[in-house]
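A.B. asks: pasted the sequence and its predicted model underneath.
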Amino acid sequence: MRRSQLRRSPGPGRTFGRGFRLLLLFGLLSGGGCGGGDTTTQPGPEPTYAERIAAGWTAFEAGDFDPARSQFLAAVATDPAPLEGWMGLGWTELKRSDPDAAHDAFESGSDGTGSDAQRADLLAGWAFGWSARSTQAARFSESNGRIDEVEALTTTWSFAHAPGLDADDLVLLAAENHFALGAFAASLARVQVLDPVFTADVGTPAGQAALAAKIEVLRVGP
């Protein structure tokens, strides 16, 4: 307390002056009191599920996959019932080159609630995830199964959070899967969806080699 905030009383001893009383009143009104108040900042409310999901996709689209993963994990911890949190987590794990973790996330969300569009996004990611699981013998047939499920929902699938990824990529993935399974005629049929004029005698080694080369051209682009 500054000495200017004190004044002498007419009699013996000291009393507090008007300045001090104003400071005291201000302190009481601000919750501080005479000895100073609790100035600890109170934490705000926890983000909602929807806020976590939005933050996750924002990070995903920016290529910040670790923060995206954290947001989607927090979302499914908040509410595990909707499939979108699991779907976002699965796609993020794919981008982090962890197809097994992606598979677990997609599987966890496969019975969740959501729109057909969200379910198609989950199944499409699951298809890519299955095909990348190098230790799984059934990976190509399981991947094709998920592709079939996407196409039962929509033939015009596209992934809004990764522009340029669409139904043609699933068709090509199916062609790759069939080829890996030795189902060369089925692989050719898928390739011809993307390039109707292409043909090859897939009953011969030369035709199979031509089909493999065409798949590679489609995969890497012109």
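C.D. replies: Happy to help now that I have it. Values in this document were obtained by computation on a predicted structure and should not be read as measured data. Numbering: from 1, shown residues only.
A.B. asks: isn't residue 122 right up against residue 106?
C.D. replies: Yes: contact criterion Cβ atoms under 8 Å: residue 122 and residue 106 qualify, at 5.7 Å. C-beta: built from backbone N, CA, C; applies to glycine.
A.B. asks: tell me the SS of residue 135?
C.D. replies: Three-state call for residue 135 (DSSP: H, G, I helix; E, B strand; the rest coil): coil.
A.B. asks: give me the number of residues near it?
C.D. replies: 7 (other Cβ atoms under 10 Å).
A.B. asks: so how far is residue 99 from it?
C.D. replies: Distance, residue 135 to residue 99, by Cβ to Cβ, to the nearest Å: 10 Å.
A.B. asks: try residue 189
C.D. replies: Relative to residue 99, residue 189 is positioned 26 Å away (Cβ to Cβ).
A.B. asks: the more surrounded of those two?
C.D. replies: Counted by other Cβ under 10 Å, residue 189 and residue 99 do not tie: residue 99 has more neighbours, with 21 against 15.
A.B. asks: so who does that one touch?
C.D. replies: Residue 99 sits next to 93, 129, 130, 132, 133 when contact means Cβ atoms under 8 Å, 6 or more residues apart in numbering.
A.B. asks: could these be laid out in CSV, adding pLDDT?
C.D. replies: Converted to CSV, these look like this (pLDDT from 0 to 100):
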residue, pLDDT
93, 98
129, 97
130, 96
132, 95
133, 94
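A.B. asks: could you work out the most separated pair of the residues you listed?
C.D. replies: 93 and 130 (12.9 Å; Cβ to Cβ).
A.B. asks: circling back to that earlier point, which residues do residue 122 and residue 106 both contact?
C.D. replies: In contact with both residue 122 and residue 106: 86, 87, 90, using Cβ under 8 Å, 6+ apart.
A.B. asks: pick the one among these closest to residue 55.
C.D. replies: Of these, the one sitting nearest to residue 55 (Cβ to Cβ) turns out to be residue 87, at 15.2 Å.
A.B. asks: which stretches of this protein form helices?
C.D. replies: 18-29, 49-61, 65-78, 83-95, 99-109, 116-131, 139-153, 167-180, 184-194, 205-220 (DSSP state H).
A.B. asks: so which of those helices is the most packed in?
C.D. replies: Comparing these by mean neighbour count (mean count of other Cβ atoms under 10 Å), helix 83-95 comes out on top with a mean of 26.
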